[in-house]
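Engineer: below: sequence and its predicted model.
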Amino acid sequence: MKETEKNPLHQKYRPKTFDEIAGSENQRTVKPLKTLLKDGNVHTFLLVGPSGCGKTTIARLIKDALGCSNSDFKELNGGNDRGIGSIREIIYEEGFFPRDGDVKVILIDECHRLTPDSMEALLKVIEEPAPGTYFIFATTNPEKLLVTFKNRCTPFRVSPLNREEMRILLNGIIEKEDAHLTPRIVGAIITMAEGSPRQALVLLELVINLEDERSMLDALEGGEEEPAALKAVIQSLLFDKNWNAVVEYFTNPDPNPEKIRRAILTGLANILLSETAADTTKEQAARITSIFSQPTLFGVGNSSLVHACWKVIHDTK
């Protein structure tokens, strides 16, 4: 059914077919997936990738490709339904025939948050599901899954978009919406979205109806001026390599490390988009951006940010 104009952009432009999935890496994933769905031999799928990159969308497309009705599609979150009781209920229901058709699909998102006992309990049913029953598991953290659990699933990687792929996606939607955004705003959205199409469209929704670039930048940055101490950190990373500025800032940092990281990335993006910055400065900004854009570095709070700053200032690999 066609999405209504009232829907937010990330819903309105959710892919309706496998061919609409953005990203060359994801299309390489989709190709064997479509073949396996046509053959009908795979009953347990494992979708792996960062948050917001389309795992749930692909799961729903798998459901549609299998001919599963909405009434026979069960969706759970491993964080909320992680206990053995919830899993035993799934196992019990798995033995029943579908209500409406020949296929039932069970999707468990964030499956790495299931307890070890829950994963153990699922081993038998995912290895030999009942006829017409399919399982789809999605995770941002596959290393936390039991090896025995992973070995019973067919894995598919869902990748973040690169900058050019994200630019094509955003510009296409901006054109469809008959909106006008400057390259600087599009670049800022790309940087802040970090490869996530969903996050990019949420950010685009935030600014698409604003009138001028300054208002859009304020909305993207939360309307807050960077603290002087954080500006000193960015200055140090780019130019004077002053470790004391890092020490001074992180002695009493903002309690939200992700906010710090995004502020640093936004500052670097502004350098890259500047018409007056020297090429050598832009090269340095691009190098630093690559260090602060690695999601795996930023799971343990401010300590990971300090480590990233150390890498930049001391040019460690």
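Structural biologist: It's in.
Engineer: tell me which helix or strand in the chain has the weakest average pLDDT.
Structural biologist: Here the helix or strand of the chain ranked lowest by mean pLDDT, DSSP states H and E is helix 257-273, holding a mean of 77.
Engineer: run a quick neighbour tally on residue 53.
Structural biologist: Neighbour count for residue 53, taken as other Cβ atoms under 10 Å: 27. The C-beta positions use only the backbone N, C-alpha and C, and glycine is treated the same way.
Engineer: again, but for residue 182
Structural biologist: Using other Cβ under 10 Å, residue 182 is surrounded by 13 other residues.
Engineer: before we move on, the earlier item: neighbouring contacts of the least confident helix or strand of the chain?
Structural biologist: Contacts with helix 257-273, where a contact means Cβ atoms under 8 Å, 6 or more residues apart in numbering, come from 183-184, 187-188, 191-192, 220-221, 226, 230-231, 233-234, 237-238, 253-254, 277, 281-282, 285-286, 288-289, 292-293, 298, 301-302, 304-305.
Engineer: pretty sure residue 16 belongs to a strand, no?
Structural biologist: No: read with DSSP: H, G, I helix; E, B strand; the rest coil, residue 16 is coil and lies in no strand.
Engineer: restricting to C-alpha, output stretch 235-244 in PDB.
Structural biologist: This file holds the C-alpha atoms of stretch 235-244, laid out as PDB (Å, rounded to 0.1, in the frame of the first residue of the first chain):
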ATOM      1  CA  GLN A 235      42.100  23.100  17.200                       C
ATOM      2  CA  SER A 236      44.700  20.900  18.800                       C
ATOM      3  CA  LEU A 237      43.800  17.900  16.700                       C
ATOM      4  CA  LEU A 238      44.000  19.900  13.500                       C
ATOM      5  CA  PHE A 239      47.000  22.200  14.200                       C
ATOM      6  CA  ASP A 240      49.000  22.600  17.300                       C
ATOM      7  CA  LYS A 241      49.000  19.000  18.700                       C
ATOM      8  CA  ASN A 242      48.500  20.400  22.200                       C
ATOM      9  CA  TRP A 243      47.800  17.400  24.500                       C
ATOM     10  CA  ASN A 244      47.100  19.700  27.400                       C
END
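Engineer: contacting residues around that stretch?
Structural biologist: By Cβ under 8 Å, 6+ apart, the list of residues contacting stretch 235-244 reads 232, 245-246, 264, 268, 271, 281, 284-285, 288, 309-310, 312-313.
Engineer: got a quick ChimeraX command for the buried subset of the residues you listed?
Structural biologist: A single ChimeraX command is used to select the members of the contacts of stretch 235-244 judged buried by 16 or more other Cβ atoms under 10 Å:
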select :232,245,246,264,268,271,284,285,288,309,312,313
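Engineer: return the subset of the contacts of stretch 235-244 lying in strands.
Structural biologist: Among those, no residue falls in strands (DSSP state E).
Engineer: closest to residue 109 out of the contacts of stretch 235-244?
Structural biologist: residue 264 (30.0 Å; Cβ to Cβ).
Engineer: any idea how far that closest one is from residue 272?
Structural biologist: Separation of residue 264 from residue 272 (Cβ to Cβ, to the nearest Å): 13 Å.
Engineer: repeat that for residue 19.
Structural biologist: Distance from residue 19 to residue 272, by Cβ to Cβ: 32 Å.
Engineer: more neighbours, the two?
Structural biologist: Counted by other Cβ under 10 Å, residue 19 and residue 272 do not tie: residue 272 has more neighbours, with 16 against 9.
Engineer: burial count for residue 211?
Structural biologist: The tally of other residues near residue 211 (other Cβ under 10 Å) stands at 8.
Engineer: please name the nearest non-neighbouring residue to residue 286.
Structural biologist: In space, and not counting its chain neighbours, residue 286 is closest to residue 272: 6.4 Å by Cβ to Cβ, 6 or more residues apart in numbering.
Engineer: swap in residue 180?
Structural biologist: Using Cβ to Cβ, 6+ apart and skipping the chain neighbours, the partner closest in space to residue 180 is residue 174 (7.6 Å).
Engineer: just checking, that neighbour touches residue 207?
Structural biologist: No: here residue 174 does not reach residue 207: they are 10.5 Å apart, not a contact under Cβ atoms under 8 Å.
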